[in-house]
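**Q** The following block contains a protein sequence and its predicted model.
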Amino acid sequence: MNTAAKLSAYGVVLALVAGGGWATGTAVGPHPGAAGVPGGEDTGHSDTHGGTVAEAAHGKQDHEPAGLASTRGGYTLTPTSTMLTPGTTAPFTFRILGADGAPVTAYDVEHEKRMHLIVVRRDTAGFQHVHPELGADGTWTVPLTVGDAGVYRVFADFKPSGGEATTLGADLFAGGDFRPAGYRPSHVAEVDGYQVHLDGELAPGTSSKVTLTVTKNGREVTDLQPYLGAYGHLVALRGGDLAYLHVHPDGEPGDGRTAAGPTVTFFAEVPTASTYRLFLDFQHEGKVRTAEFTVATGEGSHR
C-alpha cells in the first residue's frame, strides 16, 4: 500500500475513533506534506488564565475553542518537521511566527514557564506535557519521544509579550502500524500506586466544579507538592476534534486557604456537549504523574 493509501485508510480509522469505533488496527505511513507555513525561565506566576476557569476562547480572541488552528490572532505555529519516529528520542523544534512572518522571541511567563507544550495522539493516547527551551533566534527545542505510530496533535500554549494568551495546534506524523486506543467513561484513575477520584459534572456553557481527590495505598495524600505554581494542572480535550482547554485550580500554594491535598478543585468551562478526555498533572515525592479520565457532559461522578 502506498503512502497516500495508507493515510487515507488512517483517515477512515480516525473517523471511526471520533464516533466510538476503536477496535480496528491499520497502517499509517509518513505524511508527504511539509511543516506549517506562516499566514531564560524564571519563577513568575501570572494570572492570565484566570486561575479558575478554562478559557475555551484562549485570549478571548473569538468564540472558537483553543488549539483547533495552527494560525490564530496573528500568530502561527511552524514545526521544523512534522515527522516523528516511534520509539526514538529526538529534538522537536518549532517557531511561533508573528503577523509579519518573523519569529517571536519575547514571551511572558505563565505558570512558571514561557511555553507549555502538550503532545497527544489523536485518539488521546500518549499524553505528554513538556516545556521547551527558547533559542535566541526564536526556535523552541525539546527532546521528544512517542511510543507508537499514529497522528499526534501538538499544542503550543503561550503568551507573547504584549499579546494575548494563545494556544495553537498542529499535527505530527509517526509512521508504522497504527492501532487506535479506546476509552470507557472513567472517574477513577490509577497511576504508580496512586488512585485519583474525579467528582463533579461537566455542563456545557457554564462553570462546572470538578474536584480531584488523591490517595495512595488507601490513604489520603495531604502533602502534594507545588508543580508550576499549583497543586495540579488539568488539561481537557474534546472528543472528535481535540479542542483544547487548560484548567488551573481554585487557589494556589501559599494563599492561606488552599491545602496541599488530598483534594484539588477546578472550575472548568466546556464549550459544548461532548465526551472529554481529562489529564491531571500532580506532583508528590518529587515526581510528576498524570491521571487520565474520560467524562461525558451531563454525566455525574461515579464515586
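**A** Alright, I've got the coordinates.

**Q** Around Glu252, count how many other residues there are.
**A** Glu252 has 17 neighbours, counted by other Cβ atoms under 10 Å. Just so you know, the C-beta spots here come from the backbone N, C-alpha and C atoms, and that holds for glycine as well.

**Q** Hmm, it is touching Gly229, no?
**A** Yes - counting by Cβ atoms under 8 Å, Glu252 does reach Gly229; the two are 6.2 Å apart.

**Q** Quick check: which ranges of the stretch 1-150 of the chain have low pLDDT?
**A** 1-63 (pLDDT under 70).

**Q** Relative to Ala165, how far out is Leu68?
**A** 16 Å (Cβ to Cβ, to the nearest Å).

**Q** how near is Gly218 to Leu212?
**A** Distance, Gly218 to Leu212, by Cβ to Cβ: 17 Å.

**Q** Of the two, which one has the most company?
**A** Leu212 (26 against 6).

**Q** Distance-wise, check that one relative to Gly135.
**A** For Leu212, the distance to Gly135 - Cβ to Cβ - is 36 Å.

**Q** again with Thr294
**A** 38 Å.

**Q** between those two, who's got more neighbours?
**A** Between Thr294 and Gly135, counted using other Cβ under 10 Å, Thr294 has the larger neighbour count: 19 against 13.

**Q** Now do the contacts for that one.
**A** By Cβ atoms under 8 Å, 6 or more residues apart in numbering, the contact set of Thr294 is Tyr183, Arg184, Pro185, Ser186, Thr275, Tyr276, Arg277, Leu278.

**Q** redo that, cut-off 10 Å
**A** Applying Cβ atoms under 10 Å, 6 or more residues apart in numbering to Thr294 gives the contacts 124, 182-187, 189, 198, 239, 275-278.

**Q** Quick check: bridge partners of Ala264?
**A** In this structure residue 264 is Val, not Ala. According to DSSP bridges, the partner residues bridging Val264 are Leu212.

**Q** just the one 4 residues further on next, same as before
**A** Beta-bridge partners recorded for Ala268 (DSSP bridges): Ser208.

**Q** my read: it touches Ala236, true?
**A** Yes - Ala268 lies in contact with Ala236 (Cβ atoms under 10 Å); the separation is 6.3 Å.

**Q** How much space separates the spatially closest residue to Thr88 that is not a sequence neighbour from Gly67?
**A** Once flanking residues are discounted, Thr88 sits nearest to Thr145: 6.8 Å by Cβ to Cβ, 6 or more residues apart in numbering. According to Cβ to Cβ, Thr145 stands 22 Å off from Gly67.

**Q** Of the two, which one has the most company?
**A** Neighbours were counted for Thr145 and for Gly67 using other Cβ under 10 Å; Gly67 has more, 29 against 15.

**Q** Quick one: residues contacting the more buried one.
**A** Residues counted as contacts of Gly67 (Cβ under 10 Å, 6+ apart) are 58, 77, 118, 153-157, 166-170, 235, 237-238, 241-246.

**Q** Would you mind giving both backbone torsions of it?
**A** Dihedral pair for Gly67: phi 80, psi 0, per degrees, to the nearest 10.

**Q** sorry, back to before: look at Leu68 and Ala165 and report which has more neighbours.
**A** Neighbour tally, Leu68 and Ala165, criterion other Cβ under 10 Å: the higher count belongs to Ala165, 22 against 17.

**Q** My read is that the more buried one contacts His248, right?
**A** No - assessed by Cβ under 10 Å, Ala165 is found out of contact with His248, at 11.8 Å.

**Q** just the strands in the stretch 151-300 of the chain please.
**A** Counting by DSSP state E, counting those that start in this stretch, the stretch 151-300 of the chain has strands at residues 166-174, 176-178, 188-191, 194-200, 207-216, 219-220, 233-238, 244-247, 263-269, 275-284, 287-296.

**Q** Now do the buried residues in the third one.
**A** Yep, that's strand 188-191 we're talking about. The neighbour-count check on strand 188-191 (16 or more other Cβ atoms under 10 Å) flags Ala189 as buried.

**Q** Show me what it is packed against.
**A** Contact here means 3 or more Cβ pairs under 10 Å, 6 or more residues apart in numbering; DSSP states H and E; on that basis strand 188-191 packs against strand 194-200, strand 207-216, strand 275-284, strand 287-296.

**Q** let's see it at 7 Å
**A** Secondary-structure packing of strand 188-191 (3 or more Cβ pairs under 7 Å, 6 or more residues apart in numbering; DSSP states H and E): strand 194-200, strand 287-296.

**Q** Leu134 contacts Val109, correct?
**A** No - the criterion here is Cβ atoms under 7 Å, and Leu134 misses it with Val109 at 11.5 Å.

**Q** measure the most centrally placed residue in the chain to Gly176 for me?
**A** Nearest to the mean C-alpha position of the chain, counting by Cα atoms, centre = their mean, stands Ile118 at 4.2 Å. To Gly176, Ile118 is 22 Å away according to Cβ to Cβ.
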